[in-house]
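[1] No sequence on hand, only this structure:
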């Protein structure tokens, strides 16, 4: 679940970066094109002599750099504020999700690829009678009565095998009946 969420966030971040780059580039191209076309038409009547025209071209260039620099600054600042807000929203959702997991009265346990406990919420503490620091890193089997350990390992192994072969979780008919 966490990996899916991380991939989604990564894709959203890429999309936002591309959107920002495209928007900024498009804005720059439009302003630059209009600036060149319109400023030359305005300049011609104001500068009848070559010396005056060169002088106005220099002023026009300085104004162009100043105006486009300011536009880029404000555009980037706006986009960065949106990114910061999205990050703040993501953190808030993550905290909310974390609080839900932690405070749930249902047992929520996460294991790694070696079936060792990596997460154990308060509900699990209440149900199983262990504290987080007692089970973290321990095999999941410690939570089971001894008579079920072998059967549990067999089911976990079958589940893992069916997952590897199909790409999605499947539970065999035999496992469903038990």
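    All right, it came through fine. The shown structure was predicted, so the numbers you read here are calculated from the model rather than taken from an experiment.
[2] Show me the shaky parts of the chain.
    1-6, 9-10, 163-178 (pLDDT under 70).
[3] Mind doing that once more with 50?
    Low-confidence regions of the chain, defined by pLDDT under 50, span residues 167-178.
[4] Going by residue numbers, what spans are strands in it?
    109-111, 117-120 (DSSP state E).
[5] The last one - contacts with which helices or strands?
    Same thing as strand 117-120. In terms of contacts (3 or more Cβ pairs under 8 Å, 6 or more residues apart in numbering; DSSP states H and E), strand 117-120 is packed against strand 109-111, helix 132-135. All C-beta atoms are positioned from the backbone trio N, CA, C, and that covers glycine.
[6] Including distance to residue 102 and mean neighbour count, could those go into TSV?
    As requested, the helices and strands packed on strand 117-120 are exported to TSV (distance: least, Cβ to Cβ, whole Å; neighbours: other Cβ atoms under 10 Å):
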stretch	distance to residue 102	mean neighbour count
strand 109-111	12	15
helix 132-135	10	14
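[7] need these in TSV with distance to residue 89, can you?
    Output for the helices and strands packed on strand 117-120, formatted as TSV (distance: least, Cβ to Cβ, whole Å):
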stretch	distance to residue 89
strand 109-111	24
helix 132-135	29
